[in-house]
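Colleague: sequence unknown, structure follows:
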């Protein structure tokens, strides 16, 4: 069975400082992992994905994530936060055994000027 | 390319009434999902279709929820009768096929927000 745990419900940063959103996963198979972003009243948009290629994945808007199998983690980072990054972020795991993408509860990123 | 279309965007009903949501996926996408997103929680899968067949509906409350995708294109999700706890955003998503749902991107509509009074 697959599951994903987002360790923080809210993360607050100042504009221009680094962002770290934490995600741990559990999977019976080699998983695919994704980060999606949801701006208020908008649909979810894919930020980046890991599908067993390079463990360091670069996405849109300067975000990246590193797959660490030993730690079962897939944390999302960005060197410098922008006000427009304020949104809800979801970590998602999917595996070939189920074909069902499973979402974490989400982390709300708050960016202060 | 047109995205995933959903309607209505907002719906307010009283408990025990019925409601229906419509979704038109991206053209050519065989796999379609309905997710329920309660405020403060991540989306929870209700039902997954591959063309017009159901792949998984294990978390669909079948005593009140129903969904269909008769021609393998657009889909309807119905709730009858609605309960207070059904207040949520109902998200429709599509992907090219089942393999893409594992290794590729899901494309989401903007959601239908339901408020049950």
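Modeller: Thanks, I have the structure now. On a predicted model such as this, the values are computed, not experimentally measured, just so you know.
Colleague: for chain A, what lies in contact range of chain B?
Modeller: A:6, A:9, A:32, A:34, A:36, A:41-46, A:49, A:51, A:90, A:94-96, A:98-106 (CB under 8 Å from any CB of the partner chain). Where C-beta positions appear, they are placed from N, C-alpha and C, glycine not excepted.
Colleague: which of the residues you listed fall in strands?
Modeller: A:6, A:32, A:34, A:36, A:44, A:45, A:46, A:49, A:90, A:94, A:102, A:103 (DSSP state E).
Colleague: from those, which two are the most distant?
Modeller: With distances taken as CB to CB, the most widely separated pair in those is A:45 and A:102, at 18.2 Å.
Colleague: okay, those two: which has more neighbours?
Modeller: Neighbour comparison, residue A:45 and residue A:102: the larger count goes to residue A:102, with 22 against 15 (by other CB atoms under 10 Å in any protein chain shown).
Colleague: list the residues that contact the more buried one.
Modeller: A:2, A:3, A:4, A:92, A:93, A:94, B:45 (CB atoms under 8 Å, 6 or more residues apart in numbering or on different chains).
Colleague: out of those residues, which are buried?
Modeller: For these, a burial check counting by 16 or more other CB atoms under 10 Å in any protein chain shown picks out A:2, A:4, A:92, A:93, A:94, B:45.
Colleague: and these as TSV, adding pLDDT and distance to residue B:70?
Modeller: TSV is the format used below for those (pLDDT from 0 to 100; distance: CB to CB, whole Å):
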residue	pLDDT	distance to residue B:70
A:2	82	30
A:4	93	33
A:92	93	29
A:93	90	31
A:94	85	27
B:45	93	21
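Colleague: out of these, which is nearest to residue B:63?
Modeller: residue B:45 (17.9 Å).
Colleague: I'd assumed residue B:33 was in contact with the closest one.
Modeller: Yes: counting by CB atoms under 8 Å, residue B:45 does reach residue B:33; the two are 6.3 Å apart.
Colleague: low pLDDT regions in chain A?
Modeller: Counting by pLDDT under 70, the ranges of chain A that qualify are A:96-98.
Colleague: pick out the residue closest to the middle of it.
Modeller: residue A:35 (3.5 Å; CA atoms, centre = their mean).
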